[in-house]
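Asker: sequence? don't have it. structure:
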């Protein structure tokens, strides 16, 4: 679905606020590490059969039997 709608890896991120330190609470000052987040996304892509641009790999399409639903892949 995402590929057909033009959604790509560049769109697979979180709002800037997620990477800024928290202002209140028990985790005050803590923030999500952008590098760790990006490594996790790359790991997920590899496990899911998605290339670095966010496009489903042809082998995964065939494995799932989705050839008729994926054009230009």
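Answerer: Received, thanks. This one's a predicted model, so the numbers in the text were calculated from it and none came from an experiment. Numbers count the residues shown, from 1 in each chain.

Asker: which positions in the helix ranked longest in the chain come out as buried?
Answerer: Counting residues, the longest helix found in the chain (DSSP state H) is helix 34-48. Going by neighbour count (16 or more other C-beta atoms under 10 Å), the buried part of helix 34-48 is 41, 45. Yep, even glycine has a C-beta here, placed from its N, CA and C like the rest.

Asker: and the average pLDDT for it is what?
Answerer: In this model, helix 34-48 carries a mean pLDDT of 95.

Asker: for it, packing partners?
Answerer: Judged by 3 or more C-beta pairs under 8 Å, 6 or more residues apart in numbering; DSSP states H and E, helix 34-48 is in contact with no other helix or strand.

Asker: quick one: contacts of the helix or strand following that helix?
Answerer: Where DSSP states H and E defines the elements, the next helix or strand beyond helix 34-48 is helix 58-64. Residues from elsewhere that reach helix 58-64 (C-beta atoms under 8 Å, 6 or more residues apart in numbering): 48, 49, 50, 67, 70, 73.

Asker: what about the protein, any weak spots by pLDDT?
Answerer: 71-73 (pLDDT under 70).

Asker: try 80 this time
Answerer: 3, 69-73 (pLDDT under 80).

Asker: if we can go back for a sec, and of the contacts of helix 58-64, the nearest to residue 42?
Answerer: Closest approach between the contacts of helix 58-64 and residue 42, by C-beta to C-beta: residue 50, at 9.6 Å.

Asker: confirm for me that that closest one is in contact with residue 57.
Answerer: Yes. Residue 50 lies in contact with residue 57 (C-beta atoms under 8 Å); the separation is 6.7 Å.

Asker: of these two, who's got more company?
Answerer: residue 50 (20 against 15; other C-beta atoms under 10 Å).

Asker: distance of that one relative to residue 44?
Answerer: 8 Å (C-beta to C-beta, to the nearest Å).

Asker: picking that back up, export the contacts of helix 58-64 to JSON lines and tack on distance to residue 13?
Answerer: Below are these laid out as JSON lines (distance: C-beta to C-beta, whole Å):
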{"residue": "48", "distance to residue 13": "16"}
{"residue": "49", "distance to residue 13": "20"}
{"residue": "50", "distance to residue 13": "15"}
{"residue": "67", "distance to residue 13": "29"}
{"residue": "70", "distance to residue 13": "24"}
{"residue": "73", "distance to residue 13": "23"}
